[in-house]
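*Asks:* Curious how this folds, go ahead:
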Amino acid sequence: MSYFVYFMASQKNGTLYVGVTNNLIRRVFEHKNDAVEGFTKRYAVHTLVWFESTSSIEAAIQREKQIKNWKREWKVALIEKGNPDWNDLYEGLL
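*Replies:* Now for the predicted structure:
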């Protein structure tokens with residue numbers, strides 16, 4: 001099984017959300033459609049801009065916690081390293 005750490009964004013250089021899931025397609029769909037109350041619904045954070053996978057839930061949770069403690073500039077640099085235009089990566093998953 002794969003586990004994913006991912007960033008959602010409201011827009012380029014906008015509000016960021018980092019999360020972890022075992023089903024990236026389902027979870028991003030939920031964010032995009034405001035299916036769950038919370039941060040991403042409240043701040044219209046609907047664009048998948050970065051993700052990575054691992055086979056260990058422990059590693060995924062550890063990575064999420066690590067990233068949450070980063071400075072914003074480090075998070076932006078991580079996104080822009082692989083997605084400089086902040087394109088929505090969701091369609092590529094389908």
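
*Asks:* if I look at the nearest residue to residue 39 once chain neighbours are set aside, how far off is residue 78?
*Replies:* The shortest distance from residue 39 to any non-neighbouring residue, by Cβ to Cβ, 6 or more residues apart in numbering, is to residue 17 (5.8 Å). C-beta: built from backbone N, CA, C; applies to glycine. Distance, residue 17 to residue 78, using Cβ to Cβ, to the nearest Å: 14 Å.

*Asks:* residues shared between the contacts of those two?
*Replies:* Taking Cβ atoms under 8 Å, 6 or more residues apart in numbering as the criterion, residue 17 and residue 78 both touch residue 7.

*Asks:* just to revisit the earlier point, quick one: residues contacting the residue nearest to residue 39.
*Replies:* 7, 8, 9, 31, 39, 40, 43, 45.

*Asks:* ok, so of those residues, who is nearest residue 55?
*Replies:* When these are compared for distance to residue 55 (Cβ to Cβ), residue 7 wins out at 20.2 Å.

*Asks:* Can you pull the phi and psi angles for the closest one?
*Replies:* Phi and psi for residue 7, reported as degrees, to the nearest 10, are phi -110, psi 130.
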